Every structure is written in structure tokens, then in C-alpha cells.
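S.K.: Dropping the sequence and predicted coords here.
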Amino acid sequence: MDHLSDSLEQEQLAEQPPIVAVGGVVYRRHVGRPELLLIRKRHGFWTLPKGRVKSGEDERDALAREVREETGLGGDIGPAVQQVRYTIQKSGRPRHKVVTYYIVHAEEGTLCPGQKEGIEFVRWFPFQAALRRIHRKRIRAVARAARALLAAADG
């Protein structure tokens with residue numbers, strides 16, 4: 001019976017296109033050192049801002065919109081850091097989700113949790129402290145990869 005349900009789930013996954021989303025590794029320089037912006041939703045964990053790409057929307061436009069909606073900030077969108085793929089339950093059915101994370105240098109706006117987005121807290125952390133607070137391994141891996149890219153860019 002388990003084998004049958006597994007193959008049915010695989011068929012459902014194959015029929016549906018993946019949900020496409022973008023996320024931001026939002027950073028700033030504070031006293032010469034990079035700090036990472038984390039968000040926390042109600043009853044959630046500290047994580048990076050992210051959201052779905054709307055139909056007809058460019059990934060970078062979607063990322064700028066999501067970061068502003070969730071954090072109140074805008075900035076310069078840099079290179080892609082990493083793409084993460086996983087399966088979620090959507091309307092009781094499994095769906096693939098693909099999230100591409102980009103580096104975002106915060107340059108404007110006022111830090112403010114996006115209440116409409118369910119964001120309770122937004123806060124800057126030194127990278128090492130941020131890594132300790134991020135709950136999901138895949139998100140920690142994205143943050144580590146971004147830190148390495150930023151360090152390489154600094155020379």
C-alpha cells in the first residue's frame with residue numbers, strides 16, 4: 001500500500017509545474033563588517049525573506065517586491081547565491097518548490113516587519129550569530145554560501 005501511495009504522489013508531482021520563488025540574503029555593512037537581515041513569522045523560525053514569483057513577473061522584480069513587503073527595505077540585487085528545491089504540501093497535495101536566493105545589499109527604506117505578510121520580527125545579526133539562529137539547514141547553507149561570495153568580493 002505504501003508503494004502505491006508513493007507512486008501516486010510522484011505522479012501528482014510530475015503533473016504540476018514547480019512553484020517558483022525567490023529569496024534574499026539581505027546584508028549591510030555595519031562598522032566595516034557584514035550583517036545579515038533575518039525575519040521571523042508568527043510562531044516561526046528565523047529565516048531569510050522569500051516569496052513566490054507572480055505570473056508575468058521577472059525574478060529580480062519579484063525579489064525587490066518581496067524584500068520590501070517583508071522588511072521595508074530596498075537595495076541592490078546582486079548575483080544568485082544558490083537554488084533550493086524541496087517538496088511542500090499545497091491544498092493537500094505535494095508540490096515541488098524551487099527558490100533562487102540572491103544577494104541583496106540593503107540601501108534604502110526603513111526596517112519594518114511586514115505585518116500583512118505575517119512577519120513579526122526583522123533584525124540585523126552579525127553573520128555568525130545569524131547562522132546560529134537560522135533553523136533550517138538548507139537556509140543556513142544559503143547564508144554560508146552568500147558569506148563566502150561576499151568575502152571573495154572583498155578580496
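M.R.: That came through, no problem. Residues are numbered from 1 along each chain as shown.
S.K.: which residues of the chain fall in strands?
M.R.: For the chain, the strands defined by DSSP state E cover 19-30, 33-41, 46-47, 50-52, 73-90, 93-109, 119-126.
S.K.: Adding mean neighbour count and mean pLDDT, write these out as CSV.
M.R.: Where you see a C-beta, it was placed from the backbone N, CA and C, and this is true even at glycine. Shown next, in CSV, are these (neighbours: other CB atoms under 10 Å; pLDDT from 0 to 100):
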stretch, mean neighbour count, mean pLDDT
strand 19-30, 20, 95
strand 33-41, 20, 94
strand 46-47, 18, 97
strand 50-52, 18, 95
strand 73-90, 15, 94
strand 93-109, 17, 95
strand 119-126, 16, 96
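S.K.: okay, those strands in a markdown table with distance to Arg138 next?
M.R.: A markdown table is the format used below for those (distance: least, CB to CB, whole Å):
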| stretch | distance to Arg138 |
| --- | --- |
| strand 19-30 | 11 |
| strand 33-41 | 15 |
| strand 46-47 | 10 |
| strand 50-52 | 12 |
| strand 73-90 | 5 |
| strand 93-109 | 9 |
| strand 119-126 | 18 |
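S.K.: Determine which of the ones you listed approaches Ile134 most closely.
M.R.: Proximity to Ile134, assessed across the strands of the chain by CB to CB, is greatest for strand 46-47 (5.7 Å).
S.K.: contacting residues around the spatially most central residue of the chain?
M.R.: Closest residue to the average C-alpha location of the chain: Gly23 at 3.1 Å, with CA atoms, centre = their mean. Neighbour list for Gly23: 48-51, 63, 66, 99-102, 142 [criterion: CB atoms under 8 Å, 6 or more residues apart in numbering].
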